[in-house]
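In: Sequence first, then the predicted structure, then my questions.
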Amino acid sequence: MKPFWIVSILASAVFAAPNTKSYECTKIFEDRKNELLVELERIDEQRQSLDALKRATEDLLRKKEAMIKGKDTKVDQKLAEIKAKEASVKKMLEQNKKVLDEIKQLKADKVSQTFAKMKPAASAQILSQMSADEAAGIMSTLNTKVVGQILAKMDPKKGSEITAKLKAIPEPKP
């Protein structure tokens with residue numbers, strides 16, 4: 001019976017040892033599995049938080065882009081209005097310039113008509129009292145025959161000044 005006990009103890013030791021090791025390995029794997037599941041849950045929560053943040057950021061970005069497009073549209077409209085007003089102002093300025101030129105021309109015509117109707121001696125006295133530039137401006141609108149008669153009645157020094165100024169005045173464009 002002694003050998004039987006020894007064999008049974010040895011057999012139970014041999015068979016019991018793997019059972020303990022198997023139990024320890026299973027426990028380690030279960031613990032590791034639980035750790036991995038906790039870690040997986042934490043990663044999943046972070047991923048969900050990241051997705052929510054990404055969606056919120058994209059929504060905010062879309063809203064900002066829409067707002068910017070709206071402002072761009074308003075700026076473009078204002079720019080178009082400004083350009084239209086600028087064109088209108090330029091057109092009015094050109095019209096005003098034409099009217100002013102017409103008024104100046106009418107005034108010059110009236111002055112030249114007045115001097116043309118006067119006697120050359122009276123015209124010469126009046127023009128001699130003016131600056132050479134003013135006298136030349138008036139005389140440039142008169143007929144050359146009348147200008148010659150007026151210059152003939154003027155002081156030769158003043159006549160030569162006015163003649164030099166007349167020469168410097170460009171010919172009117174047709």
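Out: Structure received.
In: Val146: neighbour count?
Out: Neighbour count for Val146, taken as other CB atoms under 10 Å: 17. To be clear about C-beta, it is placed using only N, CA and C from the backbone, and glycine gets the same treatment.
In: roughly how far out does stretch 92-106 sit from the chain middle?
Out: Computed by CA atoms, centre = their mean, to the nearest Å, the chain-centroid distance of stretch 92-106 equals 33 Å.
In: what helices or strands is the strand or helix carrying Met67 leaning on?
Out: Met67 belongs to helix 2-117 when assigned by DSSP states H and E. Contacts defined by 3 or more CB pairs under 8 Å, 6 or more residues apart in numbering; DSSP states H and E place helix 2-117 against helix 120-129, helix 132-139, helix 144-153.
In: so can I have JSON lines of these showing mean pLDDT and distance to Asp109?
Out: Conversion of the helices and strands packed on helix 2-117 to JSON lines gives the following (pLDDT from 0 to 100; distance: least, CB to CB, whole Å):
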{"stretch": "helix 120-129", "mean pLDDT": "85", "distance to Asp109": "16"}
{"stretch": "helix 132-139", "mean pLDDT": "84", "distance to Asp109": "11"}
{"stretch": "helix 144-153", "mean pLDDT": "85", "distance to Asp109": "14"}
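In: Looking at the residue nearest to the spatial centre of the chain now. What's its pLDDT?
Out: Nearest to the mean C-alpha position of the chain, by CA atoms, centre = their mean, lies Leu79 at 8.6 Å. If you check Leu79, the pLDDT there is 92.
In: Not counting its neighbours along the chain, what's nearest Ala116?
Out: Spatially, and ignoring its direct neighbours in sequence, Ala116 is nearest to Val146 (5.4 Å; CB to CB, 6 or more residues apart in numbering).
In: Hmm, that neighbour is touching Lys117, no?
Out: No - using CB atoms under 8 Å, Val146 is not in contact with Lys117; the gap is 9.6 Å.
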